[in-house]
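In: sequence below, structure please.
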Amino acid sequence: MLLAEANVAPDRIHVYFDQGDRMHVLFNFLLNQYLFLALARQESTALRDGLKILPEIPDICQWLNFVRHHDELTLDRISSSEREEIFAAFAPDERMQIFGRGIRRRLPPMMGNDRCRIELIYSLLFTLPGTPMLRYGEEIGMGDDLSLEGRNSVRTVMQWSDAPNGGFSTAATDALAKPAIASGEYSYKQVNVAAAQRDPNSLINWVERAIRIRKQCPEFGRGKWQILETDCSWVFAHCCHWEGRTLLLVHNLADKPCTVTLKSNEYTNLIDLFGDRLYESLDADSLSIPLEAYGYRWFRVNRILG
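Out: Below you'll find the predicted structure:
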């Protein structure tokens, strides 16, 4: 598999895929920026727009969806006013910004370490059309170190345990190629793999469950997707079809609970696969779906009405 890290305009993307004879997978920089705009606004329109402007790609190729990677969260494919909205929501201090167009933070600090909102974002990552990518440390909720220069703020070493240097190395601390976060809320003494794996309610155990369920649903990676209309602008709903099977996904981007109603009666008899909490089962013909603040639900459609 050949992966390209090419942040280019939509009309240049075809150069990298070239009918599948060049790159097989491309970082989805465009959708990533519209995703964060939707999160900043707590409204789904930007995410819907981002999906709609993605160019068609060869069937044998894929988008690589991500939340954060090894560089800054670049915001160069949206307008300056939209970029300022994201700065205001997630990087209000200038030291959190870089190059005038990016954010040099990891996700948990950007979200105030709000577990509900973090889960929502990774639920979107696992269900949006394409292949999801998790960067090291995302599965345990690692933070950043803004005292480091430039992009190094998000390149601290992996935090395996509460041993010196986060269990990353037995070398002297000043000999590490990159430092460990040794103090504060995101210190390796507080956030590390060993401690997280012992906690049944930890983020890493949630991520593992989400991955297991996603692997049971090939519709996500292989199916045709469709955005669904609802009566709540802050809810993003879409479905994936593959070989006669359908998944329905709903995500509440707002900080308030709601009951969302689908504007189509095509999808009924829904079976819960995964969600932010245990909800009561829906009536077979129900089109109204309860969601908590930042809530998400994955459904399998047991029956499609003709």
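In: my read: Val250 touches Pro290, true?
Out: No: the pair Val250 / Pro290 is not scored as a contact, 9.9 Å apart, by Cβ atoms under 8 Å. Any C-beta I mention is one placed from the backbone N, CA and C, and that applies to glycine too.
In: neighbour count for these two, which is higher?
Out: Higher neighbour count among Val250 and Pro290: Val250, with 25 against 16, using other Cβ atoms under 10 Å.
In: phi and psi next, for the more buried one.
Out: Main-chain torsions, Val250, degrees, to the nearest 10: phi -130, psi 140.
In: pLDDT at it, what is it?
Out: Looking at Val250, its pLDDT reads 98.
In: ok, it - contacts?
Out: By Cβ atoms under 8 Å, 6 or more residues apart in numbering, Val250 lies in contact with 230, 235-237, 260, 289, 291, 296-297, 299.
In: share the number of residues neighbouring Trp150, please.
Out: One thing to correct before we go on: residue 150 is Gly, not Trp. Using other Cβ under 10 Å, Gly150 has 12 neighbouring residues.
In: thinking it is in contact with Arg95, fair?
Out: No: with contact defined as Cβ under 8 Å, Gly150 does not count as touching Arg95 (11.0 Å).
In: strands of the chain, start to end?
Out: With DSSP state E as the criterion, the chain has strands at 3-4, 25-27, 62-66, 73-74, 97-98, 102-103, 131-133, 224-228, 235-242, 245-252, 258-261, 267-275, 288-291, 296-304.
In: nearest approach to Ser123 belongs to which of the ones you listed?
Out: For Ser123, the closest of these is strand 296-304, at 4.2 Å, according to Cβ to Cβ.
In: now Glu85, nearest residue through space, not along the chain?
Out: Excluding the flanking residues, the one nearest Glu85 by Cβ to Cβ, 6 or more residues apart in numbering is Ala40, at 5.1 Å.
In: from Trp234, how far off is the one you found?
Out: Counting by Cβ to Cβ, to the nearest Å, the separation of Ala40 from Trp234 is 12 Å.
In: check Glu94 too.
Out: From Glu94 across to Trp234, the span is 29 Å (Cβ to Cβ).
In: Pro10 now?
Out: The gap separating Pro10 from Trp234 is 26 Å, by Cβ to Cβ.
In: and what of Leu51?
Out: Between Leu51 and Trp234 the computed distance is 16 Å (Cβ to Cβ).
In: buried sites along stretch 106-121?
Out: Under the neighbour-count criterion of 16 or more other Cβ atoms under 10 Å, stretch 106-121 has 106-111, 115-121 buried.
In: now, the residues you listed that are in helices?
Out: Those of those mapping onto helices are 107-110, 115-121, per DSSP state H.
In: burial of Tyr267, as a residue count?
Out: Counted with other Cβ under 10 Å, residues neighbouring Tyr267 total 20.
In: pretty sure it is touching Ile289, no?
Out: No: using Cβ under 8 Å, Tyr267 makes no contact with Ile289, being 10.1 Å away.
In: quick check: closest non-adjacent residue to Phe90.
Out: Excluding the flanking residues, the one nearest Phe90 by Cβ to Cβ, 6+ apart is Met110, at 4.2 Å.
In: so that neighbour makes contact with Asp93?
Out: No: the pair Met110 / Asp93 is not scored as a contact, 11.6 Å apart, by Cβ under 8 Å.
In: these two touch, right, Tyr122 and Arg68?
Out: No: judged on Cβ under 8 Å, Tyr122 makes no contact with Arg68 at a distance of 10.9 Å.
In: give me the common contacts of the two.
Out: Contact with both Tyr122 and Arg68 is made by residues Glu138, according to Cβ under 8 Å, 6+ apart.
In: now for the residue most central in space within the chain: which residues touch it?
Out: The structure's the chain has its C-alpha centroid closest to Leu125; by Cα atoms, centre = their mean the separation is 3.3 Å. If you count contacts by Cβ under 8 Å, 6+ apart, Leu125 has them with 65-67, 132, 134.
In: what does Glu72 give?
Out: Counting by Cβ under 8 Å, 6+ apart, Glu72 makes contact with 98-99, 102-104, 151, 154.
In: what's the pLDDT at Ser286?
Out: At Ser286, the model reports a pLDDT of 77.
In: among the buried residues of stretch 106-121, which two are most distant?
Out: Arg106 and Cys116 (17.4 Å).
In: could you list the domains of the chain?
Out: The chain resolves into domains spanning 3-215, 223-304 when parsed by automatic domain parsing.
In: next, the distance between the ends of the longest one.
Out: In this case it means domain 3-215. End-to-end distance for domain 3-215: 21 Å, by Cα to Cα, to the nearest Å.
In: pretty sure Ile121 contacts Phe66?
Out: No: checked against Cβ under 8 Å, the pair Ile121 and Phe66 is beyond contact range at 11.0 Å.
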